[in-house]
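J.: Please find the sequence and the predicted model below.
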Protein chains: 4
Amino acid sequence: MEFEELGIREECGVFGCIASGPWPTQLDVPHVITLGLVGLQHRGQESAGIVTSDGGAAPTYKVHKGMGLVNHVFSEESLKKLNMSNLGIGHTRYSTSGNSALENCQPFVVETLHGKIAVAHNGELVNAARLKRKLMRHGIGLSTSSDSELITQLLAFTPPKEEDHSADWVARIKNLMNETPTSYSLLVMHNGVIYAVRDPYGNRPLCIGRLIPVTSEEPEKRRSETEGWVVSSESCSFLSIGAEYYREVLPGEIVKISCDGVQTLDIVPRYRERDPSAFCIFEYVYFARPDSIFEGQMVYSVRRRCGQQLAIEAPVEADLVSTVPESATPAALGYAEKCGIRYVEVLCKNRYVGRTFIQPNMRLRQLGVAKKFGVLSDNFEGKRIVLIDDSIVRGNTISPIIKLLKDSGAKEVHIRVASPPIRHPCYMGINIPTKEELIANRPEFDDLAGYIGANSVVYLSVDGLTSAVREGIKHFKDQQNGLNGTSSHSSSSSHGHCTACLTGEYPVELEW
Amino acid sequence: MEFEELGIREECGVFGCIASGPWPTQLDVPHVITLGLVGLQHRGQESAGIVTSDGGAAPTYKVHKGMGLVNHVFSEESLKKLNMSNLGIGHTRYSTSGNSALENCQPFVVETLHGKIAVAHNGELVNAARLKRKLMRHGIGLSTSSDSELITQLLAFTPPKEEDHSADWVARIKNLMNETPTSYSLLVMHNGVIYAVRDPYGNRPLCIGRLIPVTSEEPEKRRSETEGWVVSSESCSFLSIGAEYYREVLPGEIVKISCDGVQTLDIVPRYRERDPSAFCIFEYVYFARPDSIFEGQMVYSVRRRCGQQLAIEAPVEADLVSTVPESATPAALGYAEKCGIRYVEVLCKNRYVGRTFIQPNMRLRQLGVAKKFGVLSDNFEGKRIVLIDDSIVRGNTISPIIKLLKDSGAKEVHIRVASPPIRHPCYMGINIPTKEELIANRPEFDDLAGYIGANSVVYLSVDGLTSAVREGIKHFKDQQNGLNGTSSHSSSSSHGHCTACLTGEYPVELEW
Amino acid sequence: MEFEELGIREECGVFGCIASGPWPTQLDVPHVITLGLVGLQHRGQESAGIVTSDGGAAPTYKVHKGMGLVNHVFSEESLKKLNMSNLGIGHTRYSTSGNSALENCQPFVVETLHGKIAVAHNGELVNAARLKRKLMRHGIGLSTSSDSELITQLLAFTPPKEEDHSADWVARIKNLMNETPTSYSLLVMHNGVIYAVRDPYGNRPLCIGRLIPVTSEEPEKRRSETEGWVVSSESCSFLSIGAEYYREVLPGEIVKISCDGVQTLDIVPRYRERDPSAFCIFEYVYFARPDSIFEGQMVYSVRRRCGQQLAIEAPVEADLVSTVPESATPAALGYAEKCGIRYVEVLCKNRYVGRTFIQPNMRLRQLGVAKKFGVLSDNFEGKRIVLIDDSIVRGNTISPIIKLLKDSGAKEVHIRVASPPIRHPCYMGINIPTKEELIANRPEFDDLAGYIGANSVVYLSVDGLTSAVREGIKHFKDQQNGLNGTSSHSSSSSHGHCTACLTGEYPVELEW
Amino acid sequence: MEFEELGIREECGVFGCIASGPWPTQLDVPHVITLGLVGLQHRGQESAGIVTSDGGAAPTYKVHKGMGLVNHVFSEESLKKLNMSNLGIGHTRYSTSGNSALENCQPFVVETLHGKIAVAHNGELVNAARLKRKLMRHGIGLSTSSDSELITQLLAFTPPKEEDHSADWVARIKNLMNETPTSYSLLVMHNGVIYAVRDPYGNRPLCIGRLIPVTSEEPEKRRSETEGWVVSSESCSFLSIGAEYYREVLPGEIVKISCDGVQTLDIVPRYRERDPSAFCIFEYVYFARPDSIFEGQMVYSVRRRCGQQLAIEAPVEADLVSTVPESATPAALGYAEKCGIRYVEVLCKNRYVGRTFIQPNMRLRQLGVAKKFGVLSDNFEGKRIVLIDDSIVRGNTISPIIKLLKDSGAKEVHIRVASPPIRHPCYMGINIPTKEELIANRPEFDDLAGYIGANSVVYLSVDGLTSAVREGIKHFKDQQNGLNGTSSHSSSSSHGHCTACLTGEYPVELEW
């Protein structure tokens, strides 16, 4: 199912790029960032923006932002405007906090006493209200409703007595991290440097890639050269720009990326040192593209294991296993594989439906979901189907699908959901329907199968999900290489996961 | 693969709708047609148009056309313009003959001595040049470059001596069919009637659906009521509007669809009676949506049988079978099933790539295909892959995919193509690259595997394809019902297929 | 007053250009035509189009059309599309007959047995309905509602027996002129030639200009060289392209304009030879730009003489004479001059008002006209004003102006209208409100001054208008030069004028 | 001449409206503001914005801004968004400081500790650089390049020790006025109040109007009712909304406008008390609409007196006086009147030329100015013309006009310029070409007549200009009424004028 329908949405993707060596560079930085953002488009489709810089001591910042998809916002002409650049950062967004107006578009650029900075942010500050009051009490007027303005003003903010240290941007970033525990993956561009920052709980993802030559005939030589560095919310954006995965930014880590390479400046500990990290488990379940890598494993593999686990937890006698295309397919293949029932397609997607503006009359509205799918009835007439979905959030989209299948001849339809039911709100960057809208909190949940017209419904257990996630986590050697001698922090990246929306257990006190 | 990349394109889809009973109707005809066209969007994405009518004796025709996708062309506002209608026809197009300007957009409306007609056309007239000269010799100036203007002017055309019969539109349609053997599926709207016409060779598809109530609680009663009739290039557009498949229009058949129902007026025989019909086999291979029904069978099933047949013709020792998503998946599942090798996904699609305007520099152009796909390397590292594609036309898109897979750890990549190589031009409505561009006509074809970097490449045979197609053809009872007593023509629909682009054997002499 | 408010509108402007000498030319033909059309923009603001040609024997025709103002329709990009041209014709339009859709946009291009022609037309055929039936009876389907399609089809039309003469375009044009007496000024482009045609009654204007070098230092040499020829509805479009006025096309004249120069092919007589010509007198009163030349005199001078005549016919005791800016200013200056009262401005225009989309509420609607004007109250407080308007058609715009002036301190406001009242419809290309809407046909006309709140109102008499027009008509020597030996026709251009909308006397029987 | 060509541009217009009485109001506030801004469109055409509020204690602010003309930015739909409002402020702008991006669009809204404020600003702060450093030193990051962000942040700014007074917005406005002497006319909206502020030097205009009923039959009763109050850069925007001129805001005055009426809160003195006020004299010469009232006199009257003064200073023997339409017409009529030579039109404007995108080739570029004008040659052939222009700034537009006139038969062309030559830059809100571009600073100025091809050229003297301005200044009774008992300040409004661009004498030291 589309995330839009589920009412669950990631808010943002961030992407940065810097060319190796001195200015002017051969690397077409604005094109690289644009393609990188296209690779993160699933994380935000309301607006996109890029800020580039020539990287000098008194750099010129070039900005282009707009409402809509990346390909819509960035034309050849706007890319020309961003040209002659050695580095830059970009952003694509949904709005969680902050409305969707152009003025809330990121990256934000502000001029400070110590030069201009540009900031791109993925996440949501748990203590935004307190930070806002603090800034306004200092006499600062806030012109947008976005958390990212809070971040830029907190970075610009200079307590009077500390004025002498004010040019130290790393100190400012650490100050910011002490003011707010989570959630943020940040890119801060200043002069010729991008600071890549992940909050101490590691709630939002962030990883680094290395741009390698794409033309050289000798693969070995190719691999050893570095044309530049990129940093991205997800590694899926690397393939299309010729970058190879380098490593994740660790929870709490401040990484400096410059034309000279990648350097860890510090790892800020969590507020309570005993807290585990809290990477959002829904990145695995929903948001991330299947080819992205988190914690050393491919998202696709986690989803397939969720399907396998579901086959163990909730088997059913049936003739075929199928998927609600496209996102549930890995789980469906995993389920089919584990229980030994044949995988068969029962629905095909109409890829031209898009966001239909048309508000149809009653007759056609009832047919809503049918616009999005075709029914491959020859494949399942008279058969018992196990249909795998990746989630049932409100319960109003699976119901017409079941009806379609039954009307077209399915004998039985058993629903298996490859994630646990959502019961609680998220305050860390994910838009979730209100508690009242969540099917798991409604009376209908008691007889969900009857309500949606299925022969049976079973969700994956929370334990099943976390074990499917943890089974594949790896500690890569090159991550250690990248962090020379920071082994003391390895415990801090102990791979905890935030399951608050499933369990109600939030990683930090919300009144922080 | 996208059709655009293959350089093979269908030119058009046609769709008509008429409400049962007298005017004014409850049925929202413009919305039904719009959704019907959305379901045919894969057949043409350059422009869309709808003409509606109130169906009276001196009807008002309302027209809206525009460049772009159906959802772009039809807003709430333009639909209001088309409202108060009992019937209408619509069209979505690529251009084969005729350029893509708005003035070539269909449906065409012309005023004639005997009232206004609107015409929508899918196909390409094999003898267009001769028809054009004939009209111009009669003193008619032609204002567009499209075959559809020829058709409308031929329908309007009145040889002086026959003036008295001129109001007989069926006679005019038969005249037209005698002037040009193929290819066309036509909708002609005049006053309160839609004439649905398929050329005697049945080269382009056309089928009829029945609009049934969607709200009634009693399924049986629901099924027996008829809210209206629709006619469409493909049955895949029926589901989203609450229509059920009724039957195909037969080759040469002229069907009259009015508020009173569906009636066969005549079946025009082929020029040479011994000729078999010549339904375009590429509708099965490429163009049609998998859930469409032709000749009594679902397209998906044909594609799966092509994969099975390919497994018989060209087996290979391998660890996994996979697909170039999404169109080759039925064939890949069929291949995997037949040869008993596990089906695994190796590529995922980036659905936001779309038509990228960006003309990247050299570095990024080399990465072109990587923008469209993510690589699920965990699924195939160290493995031998059989990769099923639905066609290799120019050979320049499969090559970088193979490189991606090998760079990401595939041990072997064997390509199996679920259709035979294209070697000849089409003159009946399909845009095919020039002979010189077709890989099957190039010297590289002799060592295709080496050229594209695969470990092996095998195409499906022409016989394999036709047997996969013919295996599933059924003669439905309701088709006979629909044609009361036209059994004499059942031989004329003897289910031949046009394979000219594969074999060079055209169904009619081209100099017709 | 704006023509839009008056509800009286000219329908079209036509413009053609051809370069001297052989292809390729130095002259930038598409730019010249675009600027020429900008100079005719006041004659039509709904759509614009240009067709250019390289002028060879098998020429390529390039077309660009669009809805909106010339500057909106023609971008640098679309002009590039029209480039590499030696000649072309353009059109800007309102719709009188024919609605405003893009498909009605001119010029029209049609392919005929004898090549492609492009046609641009200003006017309206008095016998359109009969011509339409004739064409349809011949079996031609008509796809637009415009008179121009009738013209192109009549030009393409070949009576069977005359087929051998069919390539003779001059004969075809003469045929056309025999089929329809008025009104049309036509440009027909075929291969390397533009035929400029004015109907035998000369109802719509058309004139020829000569492109002279603009850069040469020696004025005399400059004047003697010819870079090309242009043909235009009005001479006001010549200044901005560096053309000098050459001569008018005479009523009934067919002029051939080629790279070799200008040649009269024939002068088709009027249907009834005794009929005078019938040039639309409203071109002088309203439509034409003041710097255009008709019948040897500048339009501005006619308007000033109308003001002078009005001062003679309807003097009034007052303190100052003023204008409703801008079109009544020449008449106001003429009136002031003749009666010896000081000319003073009392209103200034807000040039940003444009077509306000805003549908204001009651309060603001009452202030409507005040949006368009500022009141220069210091200039007239306590004074008696004679306010000259160029026309009062519906009477609903002058009334609030009078109220504004009186509210701002005017002691008396006397209205003098520099044209006679309109009482009858026009069937020859001018859009006039219905008879019922015309103030001169309404009961209020009996006490018009009371109705509009003026102290007095007087219109110019019909005789006053015609004498103001005829006083300045000149027979230029170069017109005779251009027509070597066609003196027999000079009587046919006896400078009659169509005053049908004022008097109800139409130049031809309407049932023609 | 267009200001754009002169390279001299006003930067902004501001407009506010508040309904009388309690919420909800009958008054359609968003429409009133939109029409008010249309009336100020000549002051800024790059962008427009409106912020409205329901005026409660915790008001909702609704914002709409966009690039382009007012009528383009505000559709019915966007006005609905602003509805349900009791008050609001709007802005239309050019950019002087600050670039033209949407993020620089006004009004600005910021959230502060004491609620939201909205700010609209016309002017340019002479000490912007110092204010910027001060804010950044306090730790504030600035996100735009506009002076208006400085103003909003200075208003939000709270020195720690004064925190208790922080809700006192009048004190904050006075603080701001102490930080920066000029130039600004400001509207500050907070809760249900608009503060209208003019800088102590009165450099930019600002005036107040009273909304009176437009429908009542009894004029006297109508005049006595007040439907609301408006405040505007110029009074020319009052007529179209049914407001009558009330009075000017005085230099240094802070006026509170609420639903209860208009109240002077304070008049902040100038930095050096002996300084005269410094109203920009170019508002009279160029920027303002002729029907606006400043200092008790209509702008049109000043311009006419400039023409009269010019006739005294620089008479010439000639046959006719004319104007470069439209802005020089009042001066031309004044000149003609004073010297007794007949006023005649020699040029007419093509009002469709607009901003032509077309970059013509060499041939057509030389004809540039001819696109904008038609030549009324019949009016001046063989005559000696005195042509009045309102300014000659760069000297490159008058030259081709003179050539046009001479080519069309003028015997002599004498140029008289109704303002003195500009020689110095402006730092207070007017965009003036660089010193090097100003014709008065170039060597060509020594023989300007020869350079531009005129028979003579004379500018108005600075003394002539100031005496033409001062002659009409009046002290209205209602201004005193509005200021009950502030007579001590009447000396402060001693009607000085800023002539810095003419004389180099700036009203404040620039290093302030």
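T.: Cool, got the structure. Numbering: from 1, shown residues only, chains lettered A, B, ... in the order given.

J.: From here on, just use CA atoms for contacts and neighbour counts.
T.: Fine.

J.: can you list contacts of stretch A:390-410?
T.: Outside stretch A:390-410, the residues within contact range by Cα atoms under 8 Å, 6 or more residues apart in numbering or on different chains are A:1, A:5-7, A:285-286, A:327-328, A:331, A:369-370, A:375, A:377, A:380-385, A:412-413, A:417-422, A:437-440, A:452-454.

J.: and it, average pLDDT?
T.: In this model, stretch A:390-410 has a mean pLDDT of 89.

J.: got the contact list for the residue nearest to residue A:315 when sequence neighbours are not counted?
T.: Sequence neighbours aside, residue A:339 is the residue nearest to residue A:315 in space, at 7.2 Å (criterion: Cα to Cα, 6 or more residues apart in numbering or on different chains). Listed by Cα under 8 Å, 6+ apart, the contact set of residue A:339 reads A:308, A:311, A:312, A:315.

J.: Over to residue A:507?
T.: By Cα under 8 Å, 6+ apart, the neighbours of residue A:507 are A:201, A:275, A:278, A:498, A:500.

J.: that older thread, going through the contacts of residue A:339, which ones are buried?
T.: A:308, A:311 (16 or more other Cα atoms under 10 Å in any protein chain shown).

J.: Contact residues of chain A facing chain D?
T.: Counting by Cα under 8 Å from any Cα of the partner chain, chain A comes close to chain D at A:103, A:108-113, A:133, A:136-144, A:152-153, A:156-160.

J.: what about 7 Å?
T.: A:103, A:109-113, A:136-143, A:153, A:156-158 (Cα under 7 Å from any Cα of the partner chain).

J.: Next, give phi and psi for the residue nearest to residue A:315.
T.: Backbone torsions for residue A:339, taken as degrees, to the nearest 10, come to phi -100, psi 0.

J.: How much space separates it from residue A:311?
T.: 6 Å (Cα to Cα, to the nearest Å).

J.: got a pLDDT number for residue A:240?
T.: 87.

J.: Just give me the neighbour total for it.
T.: 23 (other Cα atoms under 10 Å in any protein chain shown).

J.: Kindly report the residues of the stretch 201-350 of chain A close to chain B.
T.: Counting by Cα under 7 Å from any Cα, the stretch 201-350 of chain A sits next to chain B at A:214, A:236, A:239, A:240, A:241, A:242, A:291, A:298.

J.: since we're on the third one, how many residues are nearby?
T.: Same thing as residue A:239. For residue A:239, using other Cα under 10 Å, the count is 25.

J.: Against residue A:225, how distant is it?
T.: 17 Å.

J.: Now the residue of chain A found nearest chain C: which helix or strand?
T.: Relative to chain C, the nearest point of chain A is residue A:77 (14.4 Å; Cα to the nearest Cα). Element membership of residue A:77 [criterion: DSSP states H and E] is helix A:76-81.

J.: got the buried residues for that helix?
T.: residue A:79.

J.: Any chance you could list what contacts whichever helix or strand comes after that helix?
T.: Downstream of helix A:76-81, the next assigned helix or strand under DSSP H and E is strand A:87-93. With contact meaning Cα atoms under 7 Å, 6 or more residues apart in numbering or on different chains, strand A:87-93 is reached by A:11-19, A:29, A:33, A:37, A:41, A:43-55, A:106-107, A:120.

J.: Could you point out which residue ranges in the stretch 1-150 of chain A have low pLDDT?
T.: Along the stretch 1-150 of chain A, the model assigns pLDDT under 70 to residues A:1-10, A:95-100.

J.: And the helices in it, which stretches?
T.: Assignment of helices within the stretch 1-150 of chain A using DSSP state H, counting those that start in this stretch yields the ranges A:3-6, A:29-38, A:70-73, A:76-81, A:128-137, A:147-156.

J.: same check, this time on the stretch 201-350 of chain A
T.: Going by DSSP H, counting those that start in this stretch, the stretch 201-350 of chain A shows helices at A:219-224, A:282, A:299-313, A:329-339.

J.: Once you drop chain neighbours, what's closest to residue A:88?
T.: Residue A:88's closest residue in space is residue A:52 (Cα to Cα, 6+ apart), at 3.9 Å.

J.: Any idea how many residues pack against that neighbour?
T.: 29.

J.: how close does it get to chain B?
T.: The spacing between residue A:52 and chain B, counted by Cα to the nearest Cα, to the nearest Å, is 18 Å.

J.: Would you confirm that that residue contacts residue A:80?
T.: No. With contact defined as Cα atoms under 7 Å, residue A:52 and residue A:80 do not form a contacting pair (11.3 Å).

J.: Enumerate every residue touching residue A:266.
T.: A:253, A:254.

J.: Any stretches of the stretch 151-300 of chain A with poor pLDDT?
T.: A:158-166, A:215-219, A:221-222.
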